[in-house]
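Q: Below: sequence and its predicted model.
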Amino acid sequence: MNTHEAPENVRLIGGEMLLWSDMSNMGGIADWRGAAFELISRLIPASGRVLLVGPHPQGLVNEVVSRAPSAAVLLRSYPDACALGERHPGLAVYCGRLEVFDAEEPYDLVLALDGLLRTHSAEAPAAAWRESLGALAGLIAPGGRLVLGVRNDLGVDRFLEARPADREGGDDQWAPHGFDPTYPGGPAALDRGLESAGLSVRRCYAVYPVRQAPRALLSREALAADLPDALTFPLSARGGDRMLVADPLRLTRLVFRHRLGEELAPLWLAVATRPPDDREAAARPQRDTEPAGAELQRDTEAAGAELPLGLVEEAAALYELTPAGVRRLPDGDERPIPAGRVVEEILVEACAREDVKTLRELLQELAEWLEAGGDVSAATDSLVYDGERFAAINPTAGPSTPPEPRVVLCRILWRFAVRLLAAGHHHPWPWPLEADQLTLTLCGMAGRPCDQGDLDRARKLDAELGCPADEHVPTYRDLLGARDRLADQLTAALARISRLETKLSYRERELVRAKAKLRRSQRKASAYRKTLGYRLSRRLARPRKVARRVIRLLSG
């Protein structure tokens, strides 16, 4: 497409990239969904102007355009700008670099969820991150807000992914930001950068599980508390075509357990406000009993109060984190988050220690809980146990006809066996054991023996619930651990072979000496047989033998 084919609502401002498309590689753009939609819907002003800076998913753009009274978009890619202009004829689309964009009027809400890396152009050297932030802050009206996404170079996803961060499959990595000294290296540096641009941070969210697919927004106020396992356990990235170095679940759990959820978040989402200017503040009537600036403080506190403490997506459901628990949106009841440890973690640790007693007791209590009416759709990775009772993390509807508790237990243990063997964890039973055999063994330990028919019905129930077992490929770290175990076993086998070879060599030497002694004895015997005395004794002994035989015959 050339410049003459641009729709009427697309304006070129300079620095546009005519043969470039950021949307052609959607793998490098965060797939914002329900959590981001909910946050943005609370920030869009009832009467005001909204600006989207950089590439965003089509669903998010549609959401903003449908809700905002006046919206505009700034992109550097000319093909993307034309496609967006054709899809939304009433939307003002600006194409070019952020630094040269001169807005006629400032905007009440600026959204840059993709960050500032894709606001530069190949037509000019890339500006530093702080300079781009200053240009972005200049587009915000006094009292307006900014929602900015910032990738974390030391996020937990960087420790999980084996591929280099600058080889994610897209050509947008032609200008790596790792050499920019102004790029924030942590939450404190991000706050200082926003404050230096004249913005006040209202709330900063840690985004999980990965920046490509953000499904949870947790504020630093929420992360400062000790979050329960039922909330943090699902925040690990699994599946896909990722090349994993370590188990995402184990590493993410350690991040939250050591209170590093904000520092090691894959991405930060900051909500900042530009304070009203002095002329606007002076024009407002001051109360006699209030000092100067009290109204501004009250406004900023109200702005922070409307922001959620946290938003978490679970399948098709969206939950808001509250001080007392979670509330399902849009109008669900608030419920507390169940306390306790995840059952799968307890079982894996017991298997690693070969603590068969703990395994047997926990499985028996699980079977009793299911027989007492426990959740039919539960699994070891969706149950928590506080030492006395079990609780489902996110209860879901089961089948219309409740199955037998024995079949439900068999399904739960089959899913655990599949995940245990797929991850390469150690367990107390013979190593080359299939998932079906391990399942029947676990059912026997629970005191509810099952047969192959029960196992078949358990697989059918798992298919009806629509949540197949996660047979993920072992990570590099698991493979290295397996290699080390095999190396230890091989070393022990070689040492035993060496001991046996030493013993065999000693026995062979003893045998050689015995054979030599035997040969010497045989030679001495042969020489003795050839002597005159031996031959005479043999001949003199023969008549006596004949006489004894004759006497024996006559007497008989």
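A: Sure thing, it's come through.

Q: In contact with the residue nearest to Glu5 when sequence neighbours are not counted, which residues?
A: Nearest-residue entry for Glu5: Cys82, 7.0 Å, with adjacent residues in sequence omitted and distances by CB to CB, 6 or more residues apart in numbering. (Glycine included, C-beta is placed from N, CA and C.) Shown in contact with Cys82 (CB atoms under 8 Å, 6 or more residues apart in numbering): Met1, Glu5, Ala6, Pro7, Val10.

Q: Please apply the same query to Gly155.
A: Arg211, Leu264, Ala265, Pro266, Leu267.

Q: let's go with 7 Å and repeat that
A: Leu264, Ala265, Pro266, Leu267 (CB atoms under 7 Å, 6 or more residues apart in numbering).

Q: which residues of this structure score low on pLDDT?
A: 1-4, 25-28, 163-178, 237-243, 278-305, 395-400, 431-432, 467-478, 540-541, 556 (pLDDT under 70).

Q: Among the contacts of Gly155, which ones are in strands?
A: Residues of the contacts of Gly155 located in strands (DSSP state E): Leu267.

Q: Quick check on the contacts of Gly155: which are buried?
A: Leu264, Ala265, Pro266, Leu267 (16 or more other CB atoms under 10 Å).

Q: Throw these into JSON lines and include distance to Leu442, thanks.
A: Listed next are the buried ones among the contacts of Gly155 as JSON lines, based on distance: CB to CB, whole Å:
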{"residue": "Leu264", "distance to Leu442": "35"}
{"residue": "Ala265", "distance to Leu442": "36"}
{"residue": "Pro266", "distance to Leu442": "35"}
{"residue": "Leu267", "distance to Leu442": "39"}
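
Q: Among those, which one sits closest to Ser537?
A: Within those, the smallest distance to Ser537 is 101.1 Å, found for Leu264 (CB to CB).

Q: where does that closest one sit relative to Ala68, distance-wise?
A: Separation of Leu264 from Ala68 (CB to CB, to the nearest Å) stands at 34 Å.

Q: ok, now Pro405?
A: 53 Å.

Q: So these two - more neighbours on which side?
A: Legend: neighbour count by other CB atoms under 10 Å for Pro405 and Ala68, higher for Ala68 (22 against 18).

Q: Tell me, how many residues neighbour the residue lying closest to that one once chain neighbours are set aside?
A: Excluding its sequence neighbours, the residue lying closest to Ala68 (CB to CB, 6+ apart) is Val50, at 4.0 Å. Using other CB under 10 Å, Val50 has 24 other residues around it.

Q: try Gln364
A: By the measure other CB under 10 Å, the count of residues near Gln364 is 14.

Q: any idea which of the buried ones among the contacts of Gly155 is closest to Asn62?
A: Asn62 lies nearest to Leu267 out of the buried ones among the contacts of Gly155, by CB to CB, at 22.0 Å.

Q: these two touch, right, that closest one and Pro214?
A: Yes: between Leu267 and Pro214 there is a contact under CB atoms under 7 Å: 6.5 Å.

Q: shared neighbours, these two?
A: In contact with both Leu267 and Pro214: Val207, using CB under 7 Å, 6+ apart.

Q: Run through the strands of the stretch 251-400 of the chain in chain order.
A: Using DSSP state E, counting those that start in this stretch, the strands of the stretch 251-400 of the chain run over 267-273, 310-314, 317-322, 325-328, 334-335, 341-342, 383-385, 390-392.

Q: Would you format those strands as a markdown table with distance to Thr182 included?
A: Output for these, formatted as a markdown table (distance: least, CB to CB, whole Å):
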| stretch | distance to Thr182 |
| --- | --- |
| strand 267-273 | 15 |
| strand 310-314 | 29 |
| strand 317-322 | 32 |
| strand 325-328 | 37 |
| strand 334-335 | 42 |
| strand 341-342 | 41 |
| strand 383-385 | 43 |
| strand 390-392 | 47 |
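
Q: Quick one, which of those strands gets closest to Gln489.
A: Closest approach to Gln489 among the strands of the stretch 251-400 of the chain is made by strand 341-342 (31.1 Å; CB to CB).

Q: what's that closest one in contact with?
A: Residues outside strand 341-342 that contact it (CB under 7 Å, 6+ apart) are Asp229, Phe233, Asp381, Val384, Tyr385.

Q: Give me the helices and strands touching the top helix by length along the chain, please.
A: Across the chain, the helix with the greatest residue count (assigned by DSSP state H) is helix 476-529. Here helix 476-529 touches no other helix or strand, going by 3 or more CB pairs under 7 Å, 6 or more residues apart in numbering; DSSP states H and E.

Q: Following element in sequence after that helix, please.
A: With elements assigned by DSSP states H and E, the helix or strand that comes after helix 476-529 is helix 532-555.

Q: Dump that following helix to PDB, restricted to CA.
A: In PDB, the C-alpha atoms belonging to helix 532-555 read as follows (Å, rounded to 0.1, in the frame of the first residue of the first chain):
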ATOM      1  CA  LEU A 532      62.600 -99.200  40.600                       C
ATOM      2  CA  GLY A 533      61.200 -99.400  44.100                       C
ATOM      3  CA  TYR A 534      57.600 -98.400  42.800                       C
ATOM      4  CA  ARG A 535      57.700-100.900  40.000                       C
ATOM      5  CA  LEU A 536      58.900-103.800  42.400                       C
ATOM      6  CA  SER A 537      56.300-102.900  45.000                       C
ATOM      7  CA  ARG A 538      53.600-103.100  42.300                       C
ATOM      8  CA  ARG A 539      54.700-106.500  41.100                       C
ATOM      9  CA  LEU A 540      55.100-108.000  44.500                       C
ATOM     10  CA  ALA A 541      51.600-106.800  45.400                       C
ATOM     11  CA  ARG A 542      50.000-108.600  42.500                       C
ATOM     12  CA  PRO A 543      50.400-112.300  43.800                       C
ATOM     13  CA  ARG A 544      48.900-111.400  47.100                       C
ATOM     14  CA  LYS A 545      45.900-109.900  45.400                       C
ATOM     15  CA  VAL A 546      45.400-113.100  43.300                       C
ATOM     16  CA  ALA A 547      45.600-115.300  46.400                       C
ATOM     17  CA  ARG A 548      43.000-113.200  48.300                       C
ATOM     18  CA  ARG A 549      40.600-113.500  45.300                       C
ATOM     19  CA  VAL A 550      41.000-117.300  45.200                       C
ATOM     20  CA  ILE A 551      40.500-117.700  48.900                       C
ATOM     21  CA  ARG A 552      37.400-115.500  48.700                       C
ATOM     22  CA  LEU A 553      36.000-117.700  45.900                       C
ATOM     23  CA  LEU A 554      36.700-121.000  47.700                       C
ATOM     24  CA  SER A 555      35.200-119.700  50.900                       C
END
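
Q: That one - contacts with which helices or strands?
A: Helix 532-555 packs on no helix or strand, going by 3+ CB pairs under 7 Å, 6+ apart.
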